[in-house]
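Enquirer: one predicted model, sequence on top.
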Amino acid sequence: APAAPVAAPAPAPAPAPTPRPQIEAALPPPPPPVKPADPAPAPSTDGGPSAAALADDPTIKSLTAKIAANPDDVNALYRRGQVYASKGAYSLAIKDFDDTLRINSKDVEALNNRCWTRTVVGDLQGALKDCNEALRLRPNFVDALDSRGLVNLKSGAVKNAIADFDAALKINPRLTSSLYGRGLAKQRNGSAQEGALDIANAKAMDPNIVQEFASYGVR
């Protein structure tokens, strides 16, 4: 499960998109580009919002300014990655988690978040590697057990998924994502009734869980 992103004020819905790049560019002195090689931000490859579309989000704006001032600001990189992931900009999130881990390869939170984000975009091999490393560094890390359960569920390793979700639920019995994931895994493993019970309990705790898993490509 991704760590809860930094509480950011929900951005006001954008007005009708009047092109005003020139005005915006003229306001602040342009900060040094984070990745000088990048051309004007193109829509991100995962179909999520582009960097340009999110640049005005107040949380992203302030974190980007911190990163421009200090490209090795590991906290700002990690937090911006979380915000990008929460907004569905998964490629941008993975880049920020890559940079976080370049600075500190043992950051278990960043490993878990990159594992989860890679799972959503379908890089299941990379995701499994990240989750395994997070759990090697911090055994019984509940978020990484939950994330690895999702990796295993999505890749069809249902017995491994059940084992991961069981382990996560031993630590936190109210972890809805693990409960719902275990329900799906049990159904796929032939235990229809047990699976249905987990799914019903998870939906009672969080009615949005079905939609959430569908957005990860798991139904």
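Expert: Looks like it arrived, so ask away. Numbers count the residues shown, from 1 in each chain.

Enquirer: which parts of this structure are helices?
Expert: Using DSSP state H, the helices of the chain run over 21-26, 51-54, 58-69, 74-86, 90-103, 108-121, 124-137, 142-155, 158-171, 176-188, 192-205, 209-215.

Enquirer: mean pLDDT and distance to A1 for the ones you listed - can I get that in CSV?
Expert: Every residue, glycine included, has its C-beta placed from N, CA and C. Converted to CSV, the helices of the chain look like this (pLDDT from 0 to 100; distance: least, Cβ to Cβ, whole Å):
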stretch, mean pLDDT, distance to A1
helix 21-26, 40, 35
helix 51-54, 79, 22
helix 58-69, 91, 20
helix 74-86, 94, 11
helix 90-103, 96, 15
helix 108-121, 96, 7
helix 124-137, 98, 11
helix 142-155, 97, 4
helix 158-171, 98, 8
helix 176-188, 98, 5
helix 192-205, 97, 13
helix 209-215, 93, 10
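
Enquirer: now these as TSV including mean neighbour count?
Expert: Shown next, in TSV, are those (neighbours: other Cβ atoms under 10 Å):
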stretch	mean neighbour count
helix 21-26	9
helix 51-54	18
helix 58-69	16
helix 74-86	22
helix 90-103	21
helix 108-121	25
helix 124-137	19
helix 142-155	26
helix 158-171	20
helix 176-188	24
helix 192-205	15
helix 209-215	14
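
Enquirer: how about K106, what does it touch?
Expert: L137 (Cβ atoms under 8 Å, 6 or more residues apart in numbering).

Enquirer: for F141, see how far away it is.
Expert: 12 Å (Cβ to Cβ, to the nearest Å).

Enquirer: now do the same end-to-end measure for stretch 210-219.
Expert: Terminal residues of stretch 210-219 are spaced 7 Å apart (Cα to Cα, to the nearest Å).
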